[in-house]
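In: here is my input, please return the structure:
(chains A and B)
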Number of protein chains: 2
Amino acid sequence: MYPKKIANETAEVIQNYLTYQAVRLIIDQLSETNPKKGIWLRQYASSQNIQKGEAFIEGLMAEDKELVLRILKVREYLASEVMEFMPQMVRHNINQANVEHRRQLLERLTGSPSMSSTASESENDDSKPNSD
Amino acid sequence: MYPKKIANETAEVIQNYLTYQAVRLIIDQLSETNPKKGIWLRQYASSQNIQKGEAFIEGLMAEDKELVLRILKVREYLASEVMEFMPQMVRHNINQANVEHRRQLLERLTGSPSMSSTASESENDDSKPNSD
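Out: Numbers count the residues shown, from 1 in each chain, chains lettered A, B, ... in the order given. Next up, the predicted model:
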């Protein structure tokens, strides 16, 4: 397995996603403070490929430098606010979802609904690899 | 601003992405150990919406329970290996990209290429919000 490459690709996906969230947040803010600019940004964003955050920002430079600076600031802020809890959140959510999927698998294998929504033993079987 | 909602949405995006990476990794492994199954999984994955990880896993349950269990294990492993470094990686990458975008903005405003690839002062101006 090659977790290093996957780590780099995951970081890129998150960077793009936080850039997209920053743009969304600014559109929201502008709808109150400067609706005309908000509408412009919304239309601009939907006409571009916002999933490629860096290219989106570069394209916007030719249109509105102030908005670019604002996006840079907001995504930095979001990264500082949001990323700290990500490792625990993601691991927790995946573990929980896995418990649920394993319960469903068990139901299908035995043909009967298993122990509704508790299943504390399957939470502790092999769902914790080697970190933490 | 509402970082809590954005944190939840970001965690979901990462969970879907790690599920996708787990499937990719398993396809790679199967291409050596069980090529027929590898080809089947590749075709199945491309016929489904793999961007919705949980729905993808549920759909696969009716097809191949062993593969489902393997995906659950691998994405858990990836989360444990990869997430630990994400906060630093993402913040670092965003800060670096922002420095670069700000330098480009400066060049456009002054009409002249600014200090090539060092610009250590702009790295320390307002690019560190309030975390760490």
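
In: average model confidence for stretch A:109-118?
Out: The average of the pLDDT scores along stretch A:109-118 is 63.

In: how about stretch A:78-92?
Out: What stretch A:78-92 shows for mean pLDDT is 96.

In: what about that stretch, start to end distance?
Out: One end of stretch A:78-92 to the other measures 21 Å (C-alpha to C-alpha, to the nearest Å).

In: list the buried ones in it?
Out: A:78-87, A:89-91 (16 or more other C-beta atoms under 10 Å in any protein chain shown). Bear in mind the C-beta positions are built from the backbone N, C-alpha and C, glycine included.

In: as a check, name the ranges of all strands in chain A.
Out: With strands called from DSSP state E, chain A shows none.

In: which of the buried residues of stretch A:78-92 fall within helices?
Out: Judged by DSSP state H, the buried residues of stretch A:78-92 include A:78-82, A:86-87, A:89-91 as members of helices.

In: what is the nearest of the buried residues of stretch A:78-92 to residue A:106?
Out: Nearest to residue A:106 among these is residue A:91, at 22.4 Å by C-beta to C-beta.

In: ok, and which of the ones in helices among the buried residues of stretch A:78-92 reach chain B?
Out: Restricting these to those adjacent to chain B (criterion: C-beta under 8 Å from any C-beta of the partner chain) gives A:78-82, A:86-87, A:89-91.

In: tell me which residues of the biggest helix by length in chain A come out buried.
Out: Scanning chain A for the longest helix, with DSSP H as the assignment, gives helix A:3-33. Residues of helix A:3-33 classed as buried by neighbour count (16+ other C-beta under 10 Å): A:3, A:6-7, A:10-27, A:30.

In: could you do stretch A:59-77 as well?
Out: Those would be A:59-61, A:67-77, for stretch A:59-77 by 16+ other C-beta under 10 Å.

In: contacts with chain B among those, please.
Out: Applying C-beta under 8 Å from any C-beta to those, those adjacent to chain B are A:61, A:68-69, A:72-73, A:75-77.

In: against residue A:5, how distant is the nearest residue to residue A:91 once chain neighbours are set aside?
Out: If the residues on either side of it in the chain are set aside, residue A:91 comes closest to residue B:79, at 4.9 Å by C-beta to C-beta, 6 or more residues apart in numbering or on different chains. Noted for residue B:79: a distance of 16 Å to residue A:5, by C-beta to C-beta, to the nearest Å.
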